[in-house]
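Asks: Okay, structure incoming, though there's no sequence with it:
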């Protein structure tokens, strides 16, 4: 996750962000639609929907756009038939990937994801080929607030979180998946922190360090391609590299 956040920081400084923002909106809209379809339109009783709303707010999505997506999912104005499908594989430098998608055409999605892996010199694998390299945990990403070691240690103890990591301008708070909702609620109610996103996440057990520029460039191009693929919702990987190498590879 740490490398992913470094890459996200660079992407925000790149050009053509209007197009990127539109793609991000489309992904969040799908999350809202599916969450409302699966658990109803009330975020008070639907944690997946509450998390999707959190992500929509972080993306500065207009309120009426959110409400329309939720109504579509709840069946008030029609709804799409999306499936949740995950893919696993290997990327540049021996890295492992888990790709979570929401798709209305699984044949199209698997073909496009396979192409992205192959273009980067990687390979799409079988189910279970990469999952064993990750732990499934609850993740709360904080983008504003007192992000010091002492403050976050105290906050995690009070919130019931298991661990945290400061990564540049954000902090990642880890918990069990079962405790995620309570941890999220504590940070929201504290009035001290601004939440960027909340989700069950696949956290790598042992990060793979990328040290060569060529592998770094392939990896970042692959991440960019996955980010631009409409069906891809979440990308989890065990890559890690220095800030300097990320900057150099990003050009």
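Replies: Looks like it came in fine. Remember, predicted model here, so these are calculated numbers, not experimental data.
Asks: ranges for the strands of the stretch 51-200 of the chain?
Replies: 83-90, 96-103, 123-125, 134-144, 163-167, 170-175, 194-204 (DSSP state E, counting those that start in this stretch).
Asks: Counting by contacts, list what the third one packs against.
Replies: Spelled out, that is strand 123-125. Packing contacts for strand 123-125, counted by 3 or more C-beta pairs under 8 Å, 6 or more residues apart in numbering; DSSP states H and E, involve strand 83-90, helix 106-119. Placement of C-beta: from N, CA and C, glycine included.
Asks: and that strand, which strands flank it?
Replies: strand 83-90 (antiparallel) (DSSP bridges).
Asks: Between helix 106-119 and the partner strand, find me the angle.
Replies: Put simply, strand 83-90 runs at 20 degrees to helix 106-119, going by axes from the mean of the first three to the mean of the last three C-alpha atoms, to 10 degrees.
Asks: Quick check: buried residues in strand 83-90?
Replies: Neighbour-count burial for strand 83-90 flags 87, 88, 89, 90 (criterion: 16 or more other C-beta atoms under 10 Å).
Asks: which helices and strands does the top helix by length along the chain pack with?
Replies: Here the longest helix in the chain is taken by residue count, with DSSP state H as the criterion, and it is helix 17-39. Packing partners of helix 17-39 (3+ C-beta pairs under 8 Å, 6+ apart): helix 47-58, helix 63-73, strand 96-103, helix 213-228, strand 232-237.
Asks: Run the chain-centre distance for that helix.
Replies: Distance, stretch centre to chain centre, for helix 17-39: 12 Å (C-alpha atoms, centre = their mean, to the nearest Å).
Asks: can you list the residues that contact it?
Replies: With contact meaning C-beta atoms under 8 Å, 6 or more residues apart in numbering, helix 17-39 is reached by 11, 14, 45-49, 51-53, 55-56, 59, 61, 65-66, 69-75, 79-80, 82, 84, 102, 227-228, 230, 232-233.
Asks: Sort out which one of the buried residues of strand 83-90 lies nearest residue 249 for me.
Replies: Ranked by distance to residue 249 (C-beta to C-beta), the buried residues of strand 83-90 are led by residue 90 at 18.8 Å.
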